[in-house]
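Q: Predicted model and sequence below, questions to follow.
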Amino acid sequence: VEPANTVGLPVNPTPLLKDELDIVIPTIRNLDFLEMWRPFLQPYHLIIVQDGDPSKKIHVPEGYDYELYNRNDINRILGPKASCISFKDSACRCFGYMVSKKKYIFTIDDDCFVAKDPSGKAVNALEQHIKNLLCPSSPFFFNTLYDPYREGADFVRGYPFSLREGVSTAVSHGLWLNIPDYDAPTQLVKPKERNTRYVDAVMTIPKGTLFPMCGMNLAFDRDLIGPAMYFGLMGDGQPIGRYDDMWAGWCIKVICDHLSLGVKTGLPYIYHSKASNPFVNLKKEYKGIFWQEEIIPFFQNAKLSKEAVTVQQCYIELSKMVKEKLSSLDPYFDKLADAMVTWIEAWDELNPPAASGKA
Amino acid sequence: MAQLYSSVKPTPMLKDELDIVIPTIRNLDFLEMWRPFFEQYHLIIVQDGDPSKVINIPVGFDYELYNRNDINRILGPKASCISFKDSACRCFGYMVSKKKYIYTIDDDCFVAKDPTGKEINALEQHIKNLLSPSTPHFFNTLYDPYRDGADFVRGYPFSMREGAITAVSHGLWLNIPDYDAPTQLVKPLEKNSRYVDAVMTIPKGTLFPMCGMNLAFDRELIGPAMYFGLMGDGQPIGRYDDMWAGWCVKVICDHMGWGVKTGLPYIWHSKASNPFVNLKKEYNGIFWQEEAIPFFQSVTLPKECTSVQQCYLELAKLVREKLGKVDPYFITLATGMVTWIEAWEELNSAEGTEAEAPKGKN
């Protein structure tokens, strides 16, 4: 598989939700990859979260409108609460979710290029995410023709009519061609495996089912689920890495299920260009491989109370359960539970509840 | 010489372990098209409607055919559990089969083509689906992790990668989509032209609308739960036969820890049925399903139920108790469910297998 060639494609003259969406990119290098995304992403505002050495200058291709935050900015803005934002790990991207003032977020990694659909056409990933977010989800019953709201599709025979209105979509999880998002052991075992299968489907992940959410190509409704999109404590000074998006995925799924919000997966694809080093990855993932065996049953059984009616309330409740149930697994979870609370405090500070929902 | 080579057919997968069940009221000319894929398998044809009508089956197919007289003769008073004048009668074929696997297909289903133009061997894909495990406990974002070129993605717990045994493979349809009457009425021209190259496990705890048009299952695992209910002649409902079976099967598979897959293979569904006739058949179901689905979503089978038969009888009891209030039909249906299990046991009893099986029957 090859990425799409977008040279010469005009910049989209009618970008959807142009003033209501921010693109969040965590990076440690020059953002040359944005050249290729110009036709689709240039009209939007970017929030760049610079990881690592703050003195390094990141080059952003001309014509893009952006704000950039490095570690010094994060420390200045959040003060002591900056402790909840990871360092030397792409988990730092969630700072971008917090400082955004828009309704929607699209986040993408800087090694993700434009993919081609089977007809050879360049995939406008953001446009597909927006479509996914703007149309309802169907988490209560499986539709065998997948997204019933898509053109040329509908609910099939036997789908209860009372469930056809669907629910609001909070999250749209996109996929990747070329380098698949495998863990270190699978990378080691299958070094040459590439994903070449373009599956032309968008589907709702059913209520009660967890999934491995990858942060490389992800969009969400910040107003609906933003405060739960915390990517945890990873990287520098932490015993674990590469579980940032997984952690967020487990938390948001439990909360979306509780609040009757939908989570979709499938289209759009991006082209994932670069396999990360499996040995480095194994070091980062090592503890997670054991811990997830306990964490997943924990999230599968997590029941939020009826009193938890806002995302913040749900998240605080979840942090208490993490402290109570997972701290015995490792003291790390005690710290993580505290950081979850700090994250919500920081979120509310930057997004005063009274003002939430305003433009 | 060329002919000599081309006449050597490769042995198809599970040739002696799978029966193809086809309910019909007409000549089975559609089998001509399936010849390369079906010819070496045994067919069980369940003739619906007038038993005096002669059904023509293309030459070269190995089959047994049962009409209503045969069903009545074989099951005696228990024949009351087999629907008449409705494709629900197909489940009689599941009961008389002695094979491990069943594939069932409608006679208006033709061979579909994949996006490269290649004809799809639907049965072969179903067999692949059934022979590889399912993943009902956690969603894999690259879909079937056992497929060539795919695997479990980062974050998929290692303890779950062995998967669960697959009991059911539900295939899809290109061309005429399987819509209910209201959707048919509203969208008379809609055709399904989207080929989605995926097989996936329907997660534990999630129900789905199972269509009986292109369906395969492991009869030894889940056969006794594949009852297509009481539909058609003398019943207040039709077109919910496969749905009913799907709800029951899914609840029981979830309880037993087995997998249900959906997706590939596609068949080409040739013919839209009449939406007005369909609306009459479905009418009660449209209301009843609003009660039936919450019922199935909240059903929990007791730990003591360790066989499909036990699960099914327990379910029958709950249907009588909980859905009997919705309409007396469900009381009749619950009785049908019990009779079905009795008839199944009679034809498939452990010690009776040797005696009952019509050996050498072609």
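A: Nice, I can see it.
Q: Strands of the stretch 1-150 of chain A, residue ranges please.
A: Ranges of strands within the stretch 1-150 of chain A are A:21-27, A:45-50, A:65-69, A:104-108, A:112-113, based on DSSP state E, counting those that start in this stretch.
Q: Please name whichever of those strands is nearest to chain B.
A: strand A:112-113 (15.2 Å; CB to the nearest CB). Every residue, glycine included, has its C-beta placed from N, CA and C.
Q: For the closest one, which strands pair with it and how are they oriented?
A: strand A:262-272 (antiparallel) (DSSP bridges).
Q: starting at the chain centroid, how far to the partner strand?
A: In terms of CA atoms, centre = their mean, to the nearest Å, the centre of strand A:262-272 is set 10 Å apart from its chain centre.
Q: repeat for stretch A:162-169
A: Counting by CA atoms, centre = their mean, stretch A:162-169 comes out at 23 Å from the chain centroid.
Q: ok so, going back, what's the closest of the strands of the stretch 1-150 of chain A to residue A:255?
A: With distances scored as CB to CB, the stretch of the strands of the stretch 1-150 of chain A nearest to residue A:255 is strand A:104-108 (16.2 Å).
Q: Let me know the average pLDDT across that closest one.
A: Average pLDDT, strand A:104-108: 98.
Q: so how far is that strand from its chain's centroid?
A: That offset, for strand A:104-108, works out to 7 Å (CA atoms, centre = their mean).
Q: other SSEs contacting that strand?
A: When contacts are defined as 3 or more CB pairs under 8 Å, 6 or more residues apart in numbering or on different chains; DSSP states H and E, strand A:104-108 packs onto strand A:21-27, helix A:94-99, helix A:125-134, strand A:217-221.
Q: hmm, 7 Å instead?
A: Contact partners of strand A:104-108 among helices and strands, from 3 or more CB pairs under 7 Å, 6 or more residues apart in numbering or on different chains; DSSP states H and E: strand A:21-27, helix A:125-134, strand A:217-221.
Q: Okay, now the sheet partners of it, with direction.
A: When DSSP bridges is applied, strand A:104-108 pairs with strand A:21-27 (parallel), strand A:217-221 (antiparallel).
Q: Pull up the residues of the stretch 201-350 of chain A that are close to chain B.
A: A:201, A:205-206, A:208-212, A:246, A:265, A:289, A:292-293, A:296 (CB under 7 Å from any CB of the partner chain).
Q: Please list only the buried members of these.
A: Buried residues within these, counting neighbours by 16 or more other CB atoms under 10 Å in any protein chain shown: A:201, A:205, A:206, A:209, A:210, A:211, A:212, A:246, A:265, A:289, A:292, A:296.
Q: Need the max-distance pair from those residues.
A: Farthest-apart pair in these is A:201 and A:289; separation 29.5 Å (CB to CB).
Q: how far away is residue A:177 from residue B:194?
A: Counting by CB to CB, to the nearest Å, the gap from residue A:177 to residue B:194 is 19 Å.
Q: Name all residues that make contact with residue A:274.
A: A:111, A:179 (CB atoms under 7 Å, 6 or more residues apart in numbering or on different chains).
Q: Could you verify my assumption that residue A:304 touches residue A:258?
A: Yes - here residue A:304 lies in contact with residue A:258, judged by CB atoms under 7 Å, at a distance of 4.4 Å.
Q: Next, show the common contact partners of these two.
A: Listed as contacting both residue A:304 and residue A:258 by CB under 7 Å, 6+ apart are residue A:314.
Q: What about the buried ones among the residues of the stretch 201-350 of chain A next to chain B, which are in strands?
A: Within these, residues falling in strands by DSSP state E are residue A:265.
Q: right, and the helix or strand after the lengthiest helix in chain A?
A: When chain A is scanned for its longest helix (criterion: DSSP state H), the result is helix A:278-301. As assigned by DSSP states H and E, the chain's next helix or strand after helix A:278-301 is helix A:311-326.
Q: Just after that next one, pick out the following helix or strand.
A: helix A:332-350.
Q: could you dump that following helix to PDB, C-alpha only?
A: Extracted C-alpha coordinates of helix A:332-350, given in PDB (Å, rounded to 0.1, in the frame of the first residue of the first chain):
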ATOM      1  CA  TYR A 332       0.900   3.600  40.200                       C
ATOM      2  CA  PHE A 333      -2.900   3.500  40.100                       C
ATOM      3  CA  ASP A 334      -3.100   5.500  43.300                       C
ATOM      4  CA  LYS A 335      -1.100   8.300  41.500                       C
ATOM      5  CA  LEU A 336      -3.200   7.900  38.400                       C
ATOM      6  CA  ALA A 337      -6.400   8.200  40.300                       C
ATOM      7  CA  ASP A 338      -5.200  11.400  41.900                       C
ATOM      8  CA  ALA A 339      -4.100  12.700  38.500                       C
ATOM      9  CA  MET A 340      -7.600  12.000  37.200                       C
ATOM     10  CA  VAL A 341      -9.000  14.300  39.800                       C
ATOM     11  CA  THR A 342      -6.300  17.000  39.100                       C
ATOM     12  CA  TRP A 343      -7.200  16.700  35.400                       C
ATOM     13  CA  ILE A 344     -10.900  17.500  36.100                       C
ATOM     14  CA  GLU A 345      -9.900  20.400  38.300                       C
ATOM     15  CA  ALA A 346      -7.700  21.800  35.600                       C
ATOM     16  CA  TRP A 347     -10.400  21.200  33.000                       C
ATOM     17  CA  ASP A 348     -12.900  23.100  35.000                       C
ATOM     18  CA  GLU A 349     -10.400  25.900  35.600                       C
ATOM     19  CA  LEU A 350      -9.800  26.400  31.900                       C
END
